[in-house]
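**Student:** here is my input, please return the structure:
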Amino acid sequence: MTTTATDPIAEIVTLAERPGLMDVFWTMPDSWPEFMKHDPIGNVWYDCLEQFAEFVLVCLDADGQVAAKAYSAPFALLGDDGDEDDVELPPDGWDGVVRRALRGRVTGEPATHVSAIEIVIRPELQGLGLSGRILAALRDNAGRLGFAELLAPVRPNGKQDAAEPMSSYAFRTRDDGLPVDPWLRVHVRAGGRIDRVAPRSMTIPGTLAEWRAWTGLPFDRSGPVVVPGALTPVLCDVEHGTAVYVEPNVWVRHPTGA
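**Tutor:** As a prediction, the model looks like this:
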């Protein structure tokens, strides 16, 4: 495959196909805010990544270097009647997917769904339109593995006003009918359908000292604290020495054709 300045990806493989890539997998830089790297649920999953190698994609450039990586996870999600079809997607979003995926690996519970977890593109390659291509590869991989849908608890990182409820931001559209949020727009253009908000998709607790180290902010007054890169305020409790960030995400459904 020929690469270009706007499409540096020469090959997309699963980690199961190329397990040796694990040696360089973690060295690729990213642009996440520091506090986002301290979700205790998520960090357990990353420690167990080899258990989900078929669901992890690695995008390589023409020199064989990691240009991007994309994570997904299989998990069990059933309705109240035990039916896996048209099940209501849960409020615990990203953390919930990770918990259910890890539980399935421990108990042997068969997966009913697969969810995207994260797409990470090397910072210097962002803005080239690679997200849609990588998202399509995740969807195709889910279909190859027999799943009818790729679900995604999407983090709409274009949200600038921490005070605006996600329930209003997620469904705002431009004049062309597409979402105002760039990342949600990528999903809709790729054939996804916005389903609902996951109001407690990710929870990041920490001591005030930890939050000060993660953000450089004083965290010296109880109440909501607006943190750059956070989609909602962080709730600070000076008396008890802790602060907690509860992030809402947005569930999107992608049919795979499987």
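
**Student:** pretty sure residue 255 is touching residue 149, no?
**Tutor:** Yes: using CB atoms under 8 Å, residue 255 is in contact with residue 149, at 5.9 Å. In short, each C-beta sits where N, CA and C put it, glycine included.

**Student:** between these two, point out the one with more neighbours.
**Tutor:** Between residue 255 and residue 149, counted using other CB atoms under 10 Å, the more crowded position is residue 149 (20 against 13).

**Student:** ok, now how distant is that one from residue 49?
**Tutor:** The gap separating residue 149 from residue 49 is 22 Å, by CB to CB, to the nearest Å.

**Student:** the helix or strand of the chain with the lowest mean pLDDT: which residues count as buried?
**Tutor:** Using mean pLDDT, DSSP states H and E, the weakest-scoring helix or strand in the chain turns out to be helix 22-25, at a mean of 82. By neighbour count on 16 or more other CB atoms under 10 Å, the buried set for helix 22-25 is residue 25.

**Student:** what's the very next helix or strand once past that helix packed up against?
**Tutor:** Per DSSP states H and E, the first helix or strand lying C-terminal to helix 22-25 is helix 40-47. On a contact count with 3 or more CB pairs under 8 Å, 6 or more residues apart in numbering; DSSP states H and E, helix 40-47 meets helix 93-107, strand 193-207.

**Student:** just the buried residues of the last one, please?
**Tutor:** Judged by neighbour count (16+ other CB under 10 Å), strand 193-207 contains these buried residues: 194, 196, 197, 198, 199, 200, 201, 202, 204, 206.

**Student:** looking at the residues you listed, which one is closest to residue 38?
**Tutor:** The closest of the buried residues of strand 193-207 to residue 38 turns out to be residue 204 (CB to CB; 5.6 Å).

**Student:** any idea how far the nearest residue to that closest one once chain neighbours are set aside is from residue 51?
**Tutor:** Counting by CB to CB, 6 or more residues apart in numbering, residue 204 lies nearest to residue 245, which is 4.4 Å off, once chain neighbours are set aside. From residue 245 across to residue 51, the span is 27 Å (CB to CB).

**Student:** repeat for residue 139
**Tutor:** 21 Å.

**Student:** comparing the two, which residue is more hemmed in?
**Tutor:** The residue with more neighbours, out of residue 139 and residue 51, is residue 139; 25 against 15, by other CB under 10 Å.

**Student:** pLDDT weak spots in the chain?
**Tutor:** Within the chain, the stretches with pLDDT under 70 are 1-6, 79-86.

**Student:** mind running it again at 80?
**Tutor:** Applying pLDDT under 80 to the chain flags the ranges 1-7, 78-87, 258.

**Student:** what residue of it is the furthest out?
**Tutor:** residue 239 (32.8 Å; CA atoms, centre = their mean).

**Student:** contacting residues around that one?
**Tutor:** Applying CB atoms under 8 Å, 6 or more residues apart in numbering, we find residue 239 in contact with residue 222.

**Student:** let's verify it: helix, strand, or coil?
**Tutor:** At residue 239 the chain is in coil, as set by DSSP: H, G, I helix; E, B strand; the rest coil.

**Student:** strand partners (parallel or antiparallel) of the host helix or strand of residue 253?
**Tutor:** Secondary structure from DSSP H and E places residue 253 in strand 242-255. Strand 242-255 has the following sheet partners, assigned by DSSP bridges: strand 149-154 (antiparallel), strand 193-207 (antiparallel), strand 234-237 (antiparallel).

**Student:** kindly calculate the angle that it makes with helix 93-107.
**Tutor:** Here strand 242-255 runs at 80 degrees with respect to helix 93-107, directions being taken by axes from the mean of the first three to the mean of the last three CA atoms, to 10 degrees.
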